[in-house]
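> Okay, sequence plus prediction incoming.
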Amino acid sequence: MLSREELSRVQSRLITSLKNNVLSGDWGFMISSGTSGGPPLFSVHALDMQISQWLHDHPGVRRIQASAVRTPRPSYYLSMRHVKGAGQELFLDPDDFNASLGQLLAQYAPDSVFGAPSVMLRLRGHMSTDIAAGVRFVKLIGEYMTAAADRALKEAFPQAQFKYAYMATDTMTVATSRCQYLPLNHYHLAPRVSVRIHTPDTEGVGGVLISKVMNPGTPLEWHMQEYDIGDAGRLLSEPCACGEEVTLHVFGRSGFDYIKLLGAVFRQEECDRVATVQQGAYEDYRLEASEVEVQGALRGRVHVRFSGAHTLSSADMVHLVQEFSELLYVTPTRSLADMVREGVFLPPTASFADAFPQNAKTVRLKYIPL
Amino acid sequence: MTDIKARIQTLASHPEADTYRLLWGSTHAFEALPTLSRANLIRTPFAQRCFSAAPGQTKIIEEGSLEFLLPRTYADIDSEDFGPLPNRPLVLFRNGHEGVEKSIWCYRKGALPLLAERNPEIAALQAQSYNTDGLIADAESFIAFMPYIQHAGISPHITIIDSSFTADLMEALRSVALEATLVLALPETGSITTAAVTSSITFTPSIGCIVEQREHIVVTKPDLEAFPLVRYDTGISPDTFRFALQGVS
């Protein structure tokens, strides 16, 4: 298995090998956003024009690429150079998301937008209904799609066609939603990519390990062998209706969008649902899960942090976290409260914060290792 | 460069050129044309700032608390004179749109740009890994990065692209004792004049660019596809270039 540290060493060697050479053309430097918790990874990649063509086969006349991180990513940006019919590109980074953006978007009137789901929703917040209705293509990358985010995006851009690519800065494109039969977060693998599921559970869900020929046909070609991308997923046992043999179902980032702990599964989507039920009591939440040893046995511990404009009293927090626990299903048939009653988890605790730090990616679930 | 008289005639009859028609009235002699101000440009509806449907980059340009959009085609970016092209350029700009534009310029000239992190420490590590041999930056980003140049063990050619060059900047450039080029530019005009940093700095108008010294520097770039500039008042006083501004018409 290739770890992130080993990948970092491989990339350092590749970049060092450029010292006395000149690369031109379809290459790009990338730096990871660091949302996975590790140090930023500086890497160089050949652009996959095949994927770029698929993603942008309806390029749009006025396109927006928006990023949640301040590091501009010209390799994404410039992949449009080769796409026939492409028009103007407006690249947005967090500095551009200010009070002026709405009137600029009203003038620009984009017909195609590209970026991570959370950034697209943020972008929509700066658009009038009319301008959003003019968006015909939404191309999504880089983040696990919850059903709530999918619904919100489809309501936000009601006239748009959607495309999804499963990718990370470390690996570039792994898979795409390139057939009409694929449900949300299901993908067919990109060319020269294979996937193995590491330590699968009884339902086949485990860590996604990526193998891929990187920079094929170039002096910097190398074989990525079973890189642990940090996501949970499973491979479907049946071929797709389109004829593709392999379909990957991604469950999100292990320990962030999705935490498996002592037989319970905490999904961000389910936590978001509970927060919606409790709407009005608080504005946002963070859930931290960990294992603790209690008298020689492992038990789960959950701490929920609430935030909002109005401070919650201790009594309010006790009530809210108990209700949260009753409402939150962590198996198909059992709530967190059920697992507390069974003694698998300790009673959840709660605290209050005025606001949470704003990071490039909103991470609501966090696994705290023992 | 296009014949300027012919270009003015073409512009005056262009369906999207209301701004110029209103500004010029019946005057078509180049020397007599009223100058176009930044305020004129901002007031021009966005649709009339896009003369060409060719692919390219639309930038957000800051004007005090205001922001406005300006499209540029790839051919416009190709035509820029952003100084010597390094083999392994490091691109450092405070404004993301400017950084992307200069990176596009490098790509299209055949060099792979490293559009660096804004954090100078990380940028220095990246530059060291890539063994960058050329730094293309705005003045502010260069000054922030300067302490890391020697630390990173790199000795790049430096190109500063900006609308002013302060005494602090000049001192910083001389202190690192590397070859350097100054490119006077605004986001909406691109390069106006360039100069090598020597003991006697002499600015030369960029190719395709007519530069006039009036109360302000006035620039004409008639061959820009997206929005041709004719007698654009840059708002930059030529006096600030007293030490340098020669070779300008």
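Here it is on my side, so go on.
> Show me the strands in the stretch 151-300 of chain A, by range?
Using DSSP state E, counting those that start in this stretch, the strands of the stretch 151-300 of chain A run over A:161-168, A:172-176, A:186-189, A:193-198, A:206-214, A:222-235, A:248-253, A:258-261, A:264-267, A:284-294, A:297-307.
> averaging pLDDT over each of those strands, which comes out lowest?
In terms of mean pLDDT, the lowest-scoring of these is strand A:258-261 (a mean of 79).
> burial measure for the residue of the stretch 101-250 of chain A found nearest chain B, as a count.
With CB to the nearest CB as the measure, A:Gln107 is the residue of the stretch 101-250 of chain A nearest to chain B, at 3.8 Å. C-beta here means a position set from N, CA and C on the backbone, and glycine is covered the same way. When neighbours are counted by other CB atoms under 10 Å in any protein chain shown, A:Gln107 registers 15.
> And it, how far from B:Ala53?
16 Å (CB to CB, to the nearest Å).
> At the contact with chain A, which residues of chain B appear?
Contacts of chain B with chain A, taken as CB under 8 Å from any CB of the partner chain, map to B:45-46, B:50, B:53, B:55-58, B:60, B:66-69, B:71, B:74, B:87-88, B:95-97, B:99-100, B:103-104, B:107, B:110-115, B:117-118, B:122, B:125-126, B:129-131.
> Would you report which members of these are assigned to helices?
Among those, the ones falling in helices (DSSP state H) are B:74, B:96-97, B:99-100, B:103-104, B:107, B:122, B:125-126, B:129-130.
> Which pair of the residues you listed spans the longest distance?
Between any two of these, the greatest separation by CB to CB is 31.0 Å, found for B:Tyr74 and B:Leu125.
> quick one on the thing from earlier: could I get the strands of the stretch 151-300 of chain A as a markdown table with distance to A:Arg13 and mean neighbour count?
Output for the strands of the stretch 151-300 of chain A, formatted as a markdown table (distance: least, CB to CB, whole Å; neighbours: other CB atoms under 10 Å in any protein chain shown):
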| stretch | distance to A:Arg13 | mean neighbour count |
| --- | --- | --- |
| strand A:161-168 | 20 | 21 |
| strand A:172-176 | 18 | 23 |
| strand A:186-189 | 26 | 21 |
| strand A:193-198 | 22 | 16 |
| strand A:206-214 | 13 | 20 |
| strand A:222-235 | 9 | 20 |
| strand A:248-253 | 27 | 22 |
| strand A:258-261 | 33 | 22 |
| strand A:264-267 | 38 | 21 |
| strand A:284-294 | 37 | 17 |
| strand A:297-307 | 41 | 18 |
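> Redo the ones you listed as a markdown table? Include distance to chain B.
Formatted as a markdown table, the strands of the stretch 151-300 of chain A follow (distance: least, CB to the nearest CB, whole Å):
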| stretch | distance to chain B |
| --- | --- |
| strand A:161-168 | 18 |
| strand A:172-176 | 16 |
| strand A:186-189 | 28 |
| strand A:193-198 | 24 |
| strand A:206-214 | 16 |
| strand A:222-235 | 17 |
| strand A:248-253 | 23 |
| strand A:258-261 | 30 |
| strand A:264-267 | 33 |
| strand A:284-294 | 26 |
| strand A:297-307 | 28 |
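> Next, count neighbours for the closest residue to A:Ser67 other than its chain neighbours.
In space, and not counting its chain neighbours, A:Ser67 is closest to A:Asp93: 5.3 Å by CB to CB, 6 or more residues apart in numbering or on different chains. Counted with other CB under 10 Å, the neighbours of A:Asp93 add up to 22.
> Just want the phi and psi numbers for the closest residue to B:Ser129 other than its chain neighbours.
Once flanking residues are discounted, B:Ser129 sits nearest to A:Ile15: 4.5 Å by CB to CB, 6+ apart. For A:Ile15, the backbone dihedrals are phi -70, psi -40 (criterion: degrees, to the nearest 10).
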